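J.: one predicted model, sequence on top.
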Amino acid sequence: MERRDFLLALAGFAASAAGAREVVEFARVLPGRKLIFPADHGAHPDFRTEWWYATGWLNLSEGRPIGFQTTFFRVRTGIGEDNASAFAPRQLILAHAAIADPALGRLRHDQRSARVGFGRAGFATDRTRVWVGDWRFEQDGGLYRAALRSQEFAYDLNLVPNGPPMLNGLAGFSTKASDPRHASYYYSRPQLTVDGSVTLAGRPQQVTGQAWLDHEWSSELLADGAQGWDWIGINLDDGSALMAFRLRGDREAALWAAASLRRADGSTQIFPPAAIAFEPLRQWRSPRTGITYPVEWRVRIEQRVFLLQVLMDDQELDSRRSTGAIYWEGAVRLLEGGREIGRGYLEMTGYGERIRLG
């Protein structure tokens with residue numbers, strides 16, 4: 001759907017459903033709810049927001065590394081739920097895709113958005129299957145497939161898990177503040193083996209690599225005072241995997257933090273907020289938006305101290321035509337004791353305007 005049509009659809013139903021957001025009851029995230037697979041790989045349309053986030057490092061045929069991102073968002077709008085019209089924008093699908101290529105020096109990225117229906121966009125509830133137009137992210141047997149085409153790039157990738165999902169927080173109940181109402185259901189699929197093709201400048205190339213998938217759903221907005229977050233998902237060379245995030249206030253003070261470490265043997269350790277610290281070391285200012293982002297970090301998880309180094313500084317993604325946010329999402333290396341021990345992705349939001357959910 002073109003942005004003009006998308007906005008017109010929202011505006012048209014906003015008037016007739018003026019009070020809808022105030023009376024719609026979104027499903028709640030509650031502790032003790034056990035995640036069940038494969039059902040929880042699918043969509044959860046009773047909740048306000050949901051996303052499938054696949055990021056990773058790929059090696060081009062000549063050996064040069066690049067990063068990739070595939071993100072699909074499902075949004076329950078609270079608009080037109082009592083309207084029988086098929087045009088009612090009850091559910092939206094929004095998607096972001098990007099390639100981080102140091103040879104270019106900036107992200108190649110694109111975005112899509114459409115209301116669910118008429119074959120333009122949709123989702124499945126029994127497995128991962130979400131699409132908008134010809135952009136797709138779906139489970140196919142024992143693997144995931146990410147396939148999309150844009151003016152600047154295209155890719156068709158197979159992502160193969162090496163084990164069961166890693167449940168973040170308390171068995172998948174991930175708190176975002178001291179108040180447990182601010183929580184999500186959240187799991188990761190680290191150490192995904194990737195193969196497929198990437199097309200850059202009209203030239204298709206075979207690629208291999210490793211990726212990380214996050215699937216998260218919730219109905220809560222950010223806690224009061226939260227400006228944005230910093231998040232990492234890192235595949236470590238020894239077969240383990242590290243997820244960590246912190247929520248920041250408007251003065252960049254940490255409001256909350258969490259981390260999960262899945263060891264190579266499959267066991268998982270969950271860390272409390274006090275065990276986690278993010279310290280920015282170097283900054284980069286976007287020449288397009290004027291927003292300044294930290295692009296080198298020291299991250300402490302208990303007694304371990306890591307250094308995050310970016311594949312390239314300019315990995316800013318402007319999604320104002322879809323989700324409305326400008327954020328930094330990019331490929332990073334993880335070092336410990338001066339030695340590279342893993343690779344993954346860093347996401348930083350809220351360094352311009354406060355990030356908004358739902």
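T.: Sure thing, it's come through.
J.: and the longest strand belonging to the chain, which residues are buried?
T.: In terms of residue count, the longest strand belonging to the chain (DSSP state E) is strand 183-200. For strand 183-200, the buried set under the neighbour-count rule, 16 or more other CB atoms under 10 Å, comprises 183-192, 194, 196, 198-200. For the C-beta atoms, the positions are set from N, CA and C on the backbone; glycine is no exception.
J.: with stretch 152-167 instead?
T.: So, applying 16+ other CB under 10 Å, buried residues of stretch 152-167: 153-157, 159, 161, 165-167.
J.: can you check stretch 74-91 too?
T.: Here stretch 74-91 shows 74-80, 88-91 as buried, counting by 16+ other CB under 10 Å.
J.: which SSE is immediately downstream of the longest strand of the chain?
T.: Note on strand 183-200: by DSSP states H and E, the next helix or strand toward the C-terminus is strand 203-218.
J.: neighbouring strands - and their directions - for that next one?
T.: Sheet pairing for strand 203-218, assigned by DSSP bridges, gives strand 49-59 (antiparallel), strand 183-200 (antiparallel).
J.: residue 269 and residue 138: what is the separation?
T.: Distance of residue 269 to residue 138, given as CB to CB, to the nearest Å: 31 Å.
J.: higher neighbour count, these two?
T.: The residue with more neighbours, out of residue 269 and residue 138, is residue 138; 18 against 14, by other CB atoms under 10 Å.
J.: can you give me the pLDDT of residue 353?
T.: Residue 353 is assigned a predicted lDDT (pLDDT) of 69.
J.: same question, residue 319
T.: Here the pLDDT value assigned to residue 319 is 76.
J.: before we move on, back to that, would you format the buried residues of stretch 152-167 as JSON lines with secondary structure, distance to residue 231 and pLDDT included?
T.: Shown next, in JSON lines, are those (DSSP: H, G, I helix; E, B strand; the rest coil; distance: CB to CB, whole Å; pLDDT from 0 to 100):
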{"residue": "153", "secondary structure": "strand", "distance to residue 231": "24", "pLDDT": "96"}
{"residue": "154", "secondary structure": "strand", "distance to residue 231": "27", "pLDDT": "97"}
{"residue": "155", "secondary structure": "strand", "distance to residue 231": "23", "pLDDT": "97"}
{"residue": "156", "secondary structure": "strand", "distance to residue 231": "27", "pLDDT": "98"}
{"residue": "157", "secondary structure": "strand", "distance to residue 231": "22", "pLDDT": "98"}
{"residue": "159", "secondary structure": "strand", "distance to residue 231": "19", "pLDDT": "98"}
{"residue": "161", "secondary structure": "coil", "distance to residue 231": "20", "pLDDT": "97"}
{"residue": "165", "secondary structure": "coil", "distance to residue 231": "17", "pLDDT": "97"}
{"residue": "166", "secondary structure": "strand", "distance to residue 231": "14", "pLDDT": "97"}
{"residue": "167", "secondary structure": "strand", "distance to residue 231": "17", "pLDDT": "97"}
